[in-house]
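Participant: 3D model of this:
(one chain, ligands or ions: 1)
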Amino acid sequence: MPVKLNTQSQFIGKDLSGVTFHHIEIISYAGMFTKPCGAKVPYWNCICKKCNAPKIASGSNIKLGKVCKCNRIKHGHSKRGNWSALYQCWSGIIQRSTNKRSTFAKRYVLRGIGVCRRWLKFENFLADMGPTWRKGLTIDRINNNKGYCKSNCKWSTRMEQSHNRENNIMLKLKGEVHCVSEWSRLLGIHANTIRARIRRGLSHEDTLTRPIRRITD
Ligand SMILES: [Zn+2]
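Facilitator: Here you go, the predicted model:
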């Protein structure tokens, strides 16, 4: 078999008959084909074991699983101009956690907030988070200093998410630094009161020391 060529394929010089790769069973050598780039590569007669379609393909395409269309997973979420909410959510995560030039880079990728390897593939994100998603929910990280992965993410309403963000504000008083819920516990001031005061632009000291107005008659 004249299979010896200058290609990157690990299949150089091997007779691949009988080998099965990504559901593609290689039947026999099909001859040399010239690719558009001019390189000559051996092609193989094969059969897709999923749909029984006969195929002729190069070793590298077989290796990459690019032989038969039926091998592609169709999730139907990324149709051009018609992105599903979940797909938009996922692409937002990828943007925030991988694009160093995005508007949010300082809050995410430059702070080390990344995304797990598994979620680089939309199908995996869909499998992990899809079943619990409901309309109107947004992705929320449980620990704000950790990145996006299944164990650190949950779906929240926008309200919960902004509370969560405000909870992560660290307030300083007399040299002590705690988050909103911790100060609430320590001082007996309702967390909502603290959040409202922060929103009104009060200083940390005022937020934590102003007496709580009580309605008395
Ligand atoms: Zn197929």
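Participant: Could you chop this structure up by domain?
Facilitator: Listed by automatic domain parsing, the domain ranges of the chain are 20-71, 85-162, 169-209.
Participant: Quick one, which of those domains gets closest to the ion.
Facilitator: The ion lies closest to domain 20-71 among the domains of the chain, at 3.1 Å (CB to the ion). All C-beta spots, glycine's among them, are computed from the backbone N, C-alpha and C.
Participant: Redo the domains of the chain as CSV? Include mean neighbour count.
Facilitator: As requested, these are exported to CSV (neighbours: other CB atoms under 10 Å):
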stretch, mean neighbour count
domain 20-71, 16
domain 85-162, 15
domain 169-209, 15
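Participant: Return the residues in contact with Lys55.
Facilitator: 24, 45-48, 67-68 (CB atoms under 8 Å, 6 or more residues apart in numbering).
Participant: cutoff 6 Å now
Facilitator: By CB atoms under 6 Å, 6 or more residues apart in numbering, the residues touching Lys55 are 46, 67.
Participant: Am I right that it falls within a strand?
Facilitator: Yes - under DSSP: H, G, I helix; E, B strand; the rest coil, Lys55 falls within a strand.
Participant: report the longest strand in this protein, please.
Facilitator: Determined from DSSP state E, the single longest strand within the chain is strand 24-34.
Participant: just checking, what packs against that one?
Facilitator: Under the contact criterion of 3 or more CB pairs under 6 Å, 6 or more residues apart in numbering; DSSP states H and E, strand 24-34 touches strand 40-48.
Participant: What ranges in this protein fall below the confidence cut-off?
Facilitator: For the chain, applying pLDDT under 70 flags the ranges 1-13, 71-74, 79-82, 214-217.
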